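**Q** turn this into a structure:
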Amino acid sequence: MTNFQELMSQAKQMQEKLQQEMINLKVEASSGGGIVAVTMNGAKQLVSIRIDRQALENDNEMLQDLIMAAVNEAGRKVDESLGSQLGNLAGGLNLKGLF
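**A** Residues are numbered from 1 along each chain as shown. As a prediction, this is how the structure comes out:
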């Protein structure tokens with residue numbers, strides 16, 4: 001029973017650490033060779049968007065596609081980063097004696 005309680009304590013600490021990582025995580029992604037760039041936090045909220053002036057003079061649909069591509073790439077980067085961090089945290093669990 002003690003091992004289970006220790007495991008649960010470790011899991012709670014991991015959860016708290018991951019939540020803090022999500023708060024602090026910032027990823028950047030761009031599309032169109034940097035014409036559109038976005039910054040997203042670990043909660044997948046956009047923090048900033050930068051659009052090159054030349055994009056404003058071009059096709060509106062192209063600009064929408066570039067924004068969508070940059071946002072989707074940033075979301076993928078958040079997932080990748082948090083997945084990697086979760087794997088690293090899970091590697092620290094001490095499962096000895098539990099099974």
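**Q** can you pull the contacts of Met62?
**A** 32, 55 (CB atoms under 8 Å, 6 or more residues apart in numbering). Every C-beta, even on glycine, is put in place using the N, C-alpha and C of the backbone.
**Q** state the distance from it to Val71.
**A** As defined by CB to CB, to the nearest Å, Met62 lies at a distance of 15 Å from Val71.
**Q** buried residues of the strand or helix carrying Gln85, list them for me.
**A** Applying DSSP states H and E as the criterion places Gln85 in helix 60-90. For helix 60-90, the neighbour count (16 or more other CB atoms under 10 Å) marks 63, 66-67, 69-71, 73-75, 78, 81-82, 85, 89 as buried.
**Q** which one of the residues you listed is nearest Leu7?
**A** Leu89 (13.3 Å; CB to CB).
**Q** wouldn't Ala43 be in contact with Met22 here?
**A** Yes - with contacts defined as CB atoms under 8 Å, Ala43 counts as touching Met22 at a distance of 5.7 Å.
**Q** out of the two, which sits in the busier spot?
**A** In terms of neighbours (other CB atoms under 10 Å), Met22 is the more surrounded of Ala43 and Met22; the figures are 16 against 10.
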